[in-house]
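>>> below are the sequence and a predicted model; questions follow.
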Amino acid sequence: MAEGDIPFWAGKNAKLVFTFMDATLVVDYTDIEISREGTEVADPICGEDRDRLQFITSHYGVTINAQQQQTDLIKKFIKEQEQLDARNLLKGSSVIILIFPNNGTFASFQCQQYTLDKWKLNIGGRSERNKMALPGRCRYFREIPAI
């Protein structure tokens, strides 16, 4: 590594804050993936040698893979479904990712207007740890002030 180079930050340098229906949930995540979703556009304009390219963002995909020490997530997700079934308005949910790069700085990003999608609980064999997939979507992915 050259002098002055800073090592790439790793998963241990990131923390997750998951607010779901007005409760802050502890998520022991194994990995997080954020993806920009939308439509690729190519407009062929007469007389131009190439299409004009654009990407129209519709939303962001948010995938969290986790393990659990307790059953808080399952209970809260069942409670959300009960609220949906009763046609009640849901409290807002969001995912905040805190990143601590190796240069001593700090950054935070928020998945705003988050909705939980088709979650999965996997309870494996006798010695396997549980797994929980938390796919979701959000309307906005923004940097927020680091406190």
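That came through, no problem.
>>> any regions of the chain where pLDDT drops low?
For the chain, the stretches with pLDDT under 70 are 1-4, 147.
>>> spatially central residue in this structure, please.
Against the mean C-alpha coordinate of the chain, by C-alpha atoms, centre = their mean, the closest residue is residue 62 at 3.5 Å.
>>> what helix or strand is that residue on?
strand 52-67 (DSSP states H and E).
>>> would you mind pulling up the elements that that strand packs against?
Contacts defined by 3 or more C-beta pairs under 8 Å, 6 or more residues apart in numbering; DSSP states H and E place strand 52-67 against strand 28-43, strand 107-116, strand 131-144. Heads up, the C-betas are built off the backbone N, CA and C, glycines and all.
>>> touching the second one from outside, list them.
Defining contact as C-beta atoms under 8 Å, 6 or more residues apart in numbering, one finds that strand 107-116 is touched by 20, 34, 60, 62, 77, 80, 92-99, 101, 134-147.
>>> what is the helix or strand following that strand packed up against?
Sequence order places strand 120-122 as the next helix or strand after strand 107-116, per DSSP H and E. Counting contacts by 3+ C-beta pairs under 8 Å, 6+ apart, strand 120-122 is packed against strand 131-144.
>>> got the CA coordinates for the strand it packs on in PDB?
Taking Å, rounded to 0.1, in the frame of the first residue of the first chain, the C-alpha atoms of strand 131-144 are listed here in PDB:
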ATOM      1  CA  LYS A 131     -31.700 -16.800   8.600                       C
ATOM      2  CA  MET A 132     -34.100 -14.000   7.800                       C
ATOM      3  CA  ALA A 133     -34.300 -12.200   4.400                       C
ATOM      4  CA  LEU A 134     -35.700  -8.700   4.600                       C
ATOM      5  CA  PRO A 135     -36.300  -7.400   1.100                       C
ATOM      6  CA  GLY A 136     -37.800  -4.000   0.800                       C
ATOM      7  CA  ARG A 137     -38.100  -0.900  -1.200                       C
ATOM      8  CA  CYS A 138     -37.800   2.800  -0.500                       C
ATOM      9  CA  ARG A 139     -38.700   5.900  -2.500                       C
ATOM     10  CA  TYR A 140     -35.600   7.800  -1.600                       C
ATOM     11  CA  PHE A 141     -32.000   7.000  -0.700                       C
ATOM     12  CA  ARG A 142     -30.300  10.100   0.700                       C
ATOM     13  CA  GLU A 143     -27.300  11.200   2.600                       C
ATOM     14  CA  ILE A 144     -28.400  12.600   6.000                       C
END
